[in-house]
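Enquirer: Test case, fold it:
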Amino acid sequence: GNLESLDLPLSKTQIVEQYTQDQVRGFHIHRCTLCHAATNYSHWMTATQPYEIKYKSSFEPYIMAKRVGLSRYDARFRGYGWNKIVHLLSLAWIGRVHWVVPNDLFIFHIPHYESRDS
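Expert: Sure thing, here's the model as predicted:
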């Protein structure tokens, strides 16, 4: 598909509207409930402030973090499978990470062909 032909929502209000019309959904929530359930998408839809969540096994959020004092991503992970989950687990183990979901930020995953490593 052509990215220019996609009509992606540009605001949280548009996302909530499209979500209620079953046009968008939480990332991989249908394939890997554990990977993204901690985000609590239904709470995000109505949140007016960032909210803290607890790390759960297999949690795989997209993150932004200050790198000072955190373990580095192991670049030996290549291809598909468990690479990000293992890194995030290591961050959870050191206990210096506060898992906060911003109430007004979002990203979109554009479907693509599966990796040949998957």
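Enquirer: What distance do you get for the residue most central in space within the chain to Asp22?
Expert: The centre of the chain sits closest to Pro61, judged by C-alpha atoms, centre = their mean, with a distance of 3.3 Å. Distance, Pro61 to Asp22, by C-beta to C-beta, to the nearest Å: 23 Å. All C-beta spots, glycine's among them, are computed from the backbone N, C-alpha and C.
Enquirer: and the closest residue to Val97 other than its chain neighbours, helix, strand or coil?
Expert: If you skip the residues right next to it in sequence, Val97 has Leu91 as its closest partner in space, 4.8 Å away by C-beta to C-beta, 6 or more residues apart in numbering. The three-state assignment at Leu91 reads helix, by DSSP: H, G, I helix; E, B strand; the rest coil.
Enquirer: Go ahead and confirm Leu91 touches Gly69.
Expert: No: counting by C-beta atoms under 8 Å, Leu91 stays clear of Gly69, with 10.5 Å between them.
Enquirer: more neighbours, the two?
Expert: Taking other C-beta atoms under 10 Å, Leu91 and Gly69 do not tie; Leu91 has more neighbours (17 against 9).
Enquirer: mind listing what the more buried one touches?
Expert: By C-beta atoms under 8 Å, 6 or more residues apart in numbering, Leu91 lies in contact with 65, 70-71, 97.
Enquirer: repeat that with 10 Å
Expert: By C-beta atoms under 10 Å, 6 or more residues apart in numbering, Leu91 lies in contact with 55, 63, 65, 70-71, 73, 97, 99.
Enquirer: could these go into a markdown table alongside pLDDT and secondary structure?
Expert: Compiled in a markdown table, those are given as follows (pLDDT from 0 to 100; DSSP: H, G, I helix; E, B strand; the rest coil):
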| residue | pLDDT | secondary structure |
| --- | --- | --- |
| Tyr55 | 87 | coil |
| Ile63 | 84 | coil |
| Ala65 | 82 | coil |
| Leu70 | 80 | coil |
| Ser71 | 79 | coil |
| Tyr73 | 80 | coil |
| Val97 | 80 | coil |
| Trp99 | 88 | strand |
